[in-house]
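*Asks:* show me how the following folds:
(one chain, ligands or ions: 1)
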Amino acid sequence: MHTDATADWLARDAAAVWHPFTQHATWTDDDPTVVDRAEGPWLIDVEGRRYLDGVSSLWTTTLGHGHPDINAAIAEQIARLDHSTFLGTTHTPGIELSEALVALAPKGNGPELTKVFYAGDGSSAVEAALKIAYQYSTQTGHSRPKFVRLDQAYHGDTLGAVAVGGHDLFHQAYKPLLLATTGAPSPGDRALGPDRNAIAAAELRRIMAAEGEQVCAIIVEPMIQGAAGMLDYDAGFLRTARELADQHGALLIFDEVATGIGRTGRMWAAEHAGVVPDLLTCGKGITGGYLPLSAVLAAEHVYEAFLTRPGDTSPRTFFHGHTYTANPICCAAALANLRVMGEQDVVSRAATLGERLGKLLEPVAAKEGVVEVRRLGTMIGVEVAALGDRTGFRVCQAARKRGVWLRPLGDTVILMPPLTLGEEETELLVGALSESIDEVMR
Ligand code: PMP
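*Replies:* Below is the predicted model of the structure:
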């Protein structure tokens, strides 16, 4: 039950706000939480009720809310320089963050990632990567106007990102507007059966043999397709994708917007496979969950293709950027986040947290009404059997009564807590989920 304060805020919200991914005909029936403040892993509503932030505020929070070091870094940066354009000037936090990201970039089979191009959100990083890949093709050989993408993929909501997506519910409506792509089966698609990884790899091989000359890039979410419902797959598929991209002169793009910055128990999901792409997008957790910032990490050979040469008739410049590209406050937050993550070994802690969650979820996986528990590090999907309408959502509503805030993807309940979650909160998270499933399935 709430007081008039919540009712008043919700009435004002309904009168003036259009929320993302939200059906407003029923929005207020769902009794949305009106968040007032946050501390560590907790969200606190206008009534003072506390909820464990079980999905890290849409998969962004790394160290928890209100971390003193990130708070201080933001305050210092605001006092020094709020904003200065990255088009024609540069600034120290932007330079230092680029150095930090290059130093942290994944190593292995593939090129070294040596340059950082900034954007604002995950989608805009993907957009930049797609345009870089296409322009790279025109400046290194011939125009390759096609992308290869995976079924059920999700790379964001801007039109380029939608074009390389494969999530029918989100993407179907915009099909007539989209770029040319060829969809390969997803190695994470359970409907393909136990050989799904091999089937997807063989199909990717066939597509590249048939169309490779037209393909400027293959884009994938490495190791796990997040918005598809945490569909994890084998590292071998990424090695095949690397091999095929090289063989056919296409670039390989890893979209690490969800998986990057320690989320999977490694700094990058690419590290699970020992494969390095030509372009790597990251966002979400980069600022610790504080501010919108994303980046494309690029291989030197890609960057070099954009440098003018004697006798060039084309400018070769990447004519792309945003007003707030590399905003210094965002860069300062990201630098503080990465520094604390390094000092406190947060990536290893995320791996340990993931294993602990995996253990605690074993009995949940065995429950009637649970189809599958999928996990890579701290990215977890608990798929429940559809029991009437919006089963996943009902489980999340039941968890809310138990002090845990969750958001499902269809009938897959997502657990993606802050990377530094303590033991007691970890138990609360899984305990609340378990009881909530029982309540809904009863
Ligand atoms: N790529 C991936 C893999 C994502 O999971 C997301 C968001 N969930 C995006 C891109 C889009 O990021 P944003 O919402 O910040 O635009």
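*Asks:* flag the shaky bits of the chain, pLDDT-wise.
*Replies:* The chain contains residues with pLDDT under 70 at 1-2.
*Asks:* what helix or strand is the spatially most distant residue from the centre of it located in?
*Replies:* The outermost residue of the chain relative to its centre, with distances by CA atoms, centre = their mean, is G311 at 41.3 Å. Using DSSP states H and E, G311 sits within no helix or strand.
*Asks:* just A351 next, same as before
*Replies:* Here A351 is assigned to helix 346-365, by DSSP H and E.
*Asks:* okay, now the sheet partners of whichever helix or strand comes after that helix, with direction.
*Replies:* Scanning forward in sequence from helix 346-365 by DSSP H and E, the next helix or strand is strand 370-376. For strand 370-376, sheet partners with direction are given as strand 379-384 (antiparallel), following DSSP bridges.
*Asks:* which parts of the strand it pairs with are buried?
*Replies:* Neighbour counts using 16 or more other CB atoms under 10 Å place 379-384 of strand 379-384 among the buried residues. C-beta: built from backbone N, CA, C; applies to glycine.
*Asks:* residues near the residue in the chain that the ligand sits nearest to, how many?
*Replies:* Closest approach between the chain and the ligand, counting by CB to the nearest ligand atom: G122, at 2.1 Å. Close neighbours of G122, defined as other CB atoms under 10 Å, add up to 28.
*Asks:* helices of the stretch 251-400 of the chain, start to end?
*Replies:* 270-273, 300-304, 328-343, 346-365, 391-401 (DSSP state H, counting those that start in this stretch).
*Asks:* re earlier: surely the residue of the chain closest to the ligand meets G156?
*Replies:* Yes. The pair G122 and G156 passes the contact test of CB atoms under 8 Å, sitting 5.2 Å apart.
*Asks:* can you list residues touching both of the two?
*Replies:* V257 (CB atoms under 8 Å, 6 or more residues apart in numbering).
*Asks:* tell me the contacts of the spatially most central residue of the chain?
*Replies:* Centroid check for the chain by CA atoms, centre = their mean gives A258 as the closest residue, at 1.9 Å. Shown in contact with A258 (CB under 8 Å, 6+ apart): 59, 122, 221, 224, 226-227, 284, 379.
*Asks:* equivalent analysis for A184, please.
*Replies:* A184 neighbours (CB under 8 Å, 6+ apart): 148-151, 200, 203-204, 207.
*Asks:* spell out the secondary structure type for the nearest residue to it once chain neighbours are set aside.
*Replies:* Nearest non-adjacent residue to A184, counting by CB to CB, 6 or more residues apart in numbering: L204, 4.6 Å away. Under DSSP: H, G, I helix; E, B strand; the rest coil, L204 falls in the helix class.
*Asks:* mind putting the helices of the stretch 251-400 of the chain into TSV with distance to L104?
*Replies:* Converted to TSV, the helices of the stretch 251-400 of the chain look like this (distance: least, CB to CB, whole Å):
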stretch	distance to L104
helix 270-273	10
helix 300-304	16
helix 328-343	7
helix 346-365	10
helix 391-401	33
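*Asks:* CSV please, covering those helices and showing mean neighbour count.
*Replies:* Conversion of the helices of the stretch 251-400 of the chain to CSV gives the following (neighbours: other CB atoms under 10 Å):
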stretch, mean neighbour count
helix 270-273, 23
helix 300-304, 17
helix 328-343, 23
helix 346-365, 17
helix 391-401, 21
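*Asks:* near the ligand, which residues of the stretch 101-250 of the chain show up?
*Replies:* 121-123, 126, 154-156, 221, 226-227 (CB under 6 Å from any ligand atom).
*Asks:* restricted to strands, list the residues you listed.
*Replies:* In this view, those have no member that belongs to strands under DSSP state E.
*Asks:* G160 belongs to a helix?
*Replies:* Yes. Counting by three-state DSSP, G160 falls inside a helix.
*Asks:* can you pull the contacts of it?
*Replies:* Shown in contact with G160 (CB under 8 Å, 6+ apart): 126-127, 130-131, 179.
*Asks:* restricted to buried residues, select the residues you listed in PyMOL.
*Replies:* Of those, the buried ones can be selected in PyMOL as follows, counting by 16+ other CB under 10 Å:
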select buried, resi 126+127+130+131
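*Asks:* next, give me the two most distant ones among the contacts of G160.
*Replies:* V126 and L179 (11.9 Å; CB to CB).
*Asks:* got any residues that touch both of those two?
*Replies:* Residues touching both V126 and L179 (CB under 8 Å, 6+ apart) are 160, 164.
*Asks:* C282: how many residues sit nearby?
*Replies:* Close neighbours of C282, defined as other CB under 10 Å, add up to 28.
*Asks:* tell me the domain ranges of the protein?
*Replies:* 33-66+345-441, 72-343 (automatic domain parsing).
*Asks:* adding distance to A25, write these out as CSV.
*Replies:* Formatted as CSV, those follow (distance: least, CB to CB, whole Å):
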stretch, distance to A25
domain 33-66+345-441, 14
domain 72-343, 17
